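1. Return atomic coordinates for the entry below.
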Amino acid sequence: MTVVQPDAPSADPPRSETIEELFAALESPLLSYALRLLGDRAQAEDAVQDAFMKLHTQFAEVREPRRWLYRTVQMNTRTDLSLALKVDAAQTVSAGVRYTILGLLFAGFALAAWLSRQKMRKLSDHQP
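-> Numbers count the residues shown, from 1 in each chain. Next up, the predicted model:
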């Protein structure tokens, strides 16, 4: 079987949409997609805006901008969710540490009070 090779490498098909046309066509669907992933409108808007800003800087290199935008929005939402989980975990740990420290302080004060009472009893037992 003979495989025929073209004389010249095939060029990428000419891009039919401008970034402005992509924005007009995809802003709303991408926002809905990000909102479903994040559950927060402000974060969803940020994820979509960031994706379009990245596309603007890399537009000449991106061969499939529609697919690229959806993938970038998905990655942005994962980053946002990851950061939110880390912040939530840090706050939970922080609260736990805070309560542990308060508990230790309370135990320390209680121990100091008990020792003080014991010392007072010893002193009162030794008085004539």
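
2. can you tell me the average pLDDT over stretch 78-90?
-> For stretch 78-90, the mean pLDDT works out to 61.

3. can you check stretch 17-37 too?
-> Averaged over stretch 17-37, pLDDT sits at 93.

4. contact partners of that stretch?
-> 41, 43-45, 47-48, 51-52, 55-56, 59, 65-66, 69-70, 73-74, 76-77, 81 (C-beta atoms under 8 Å, 6 or more residues apart in numbering). (Each C-beta comes from the backbone N, C-alpha and C, glycine too.)

5. Of these, which belong to helices?
-> Among the contacts of stretch 17-37, the residues falling in helices (DSSP state H) are 41, 43-45, 47-48, 51-52, 55-56, 65-66, 69-70, 73-74, 76-77, 81.

6. Could I get the full set of strands for this protein?
-> Taking DSSP state E as the criterion, the chain contains no strands.

7. Buried among the ones in helices among the contacts of stretch 17-37? Need that as a selection in ChimeraX.
-> Entered in ChimeraX, the line below selects the buried ones among the ones in helices among the contacts of stretch 17-37, by 16 or more other C-beta atoms under 10 Å:
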select :43,44,45,47,48,51,52,55,65,69,70,73,74,76,77
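
8. Next up, phi/psi of residue 60, please.
-> Residue 60 adopts backbone torsions of phi -70, psi -30, taken as degrees, to the nearest 10.

9. so what pLDDT did it get?
-> Looking at residue 60, the pLDDT reads 91.

10. any idea how far it is from residue 19?
-> Noted for residue 60: a distance of 11 Å to residue 19, by C-beta to C-beta, to the nearest Å.

11. who has more neighbours, these two?
-> residue 19 (14 against 6; other C-beta atoms under 10 Å).

12. just checking, residue 72 touches residue 54?
-> Yes: taking contacts as C-beta atoms under 8 Å, residue 72 lies within contact range of residue 54: 5.9 Å.

13. more neighbours, these two?
-> Taking other C-beta under 10 Å, residue 72 and residue 54 do not tie; residue 72 has more neighbours (22 against 16).

14. quick one, what contacts that one?
-> When contacts are counted by C-beta under 8 Å, 6+ apart, residue 72 is found next to 50-51, 54-55.
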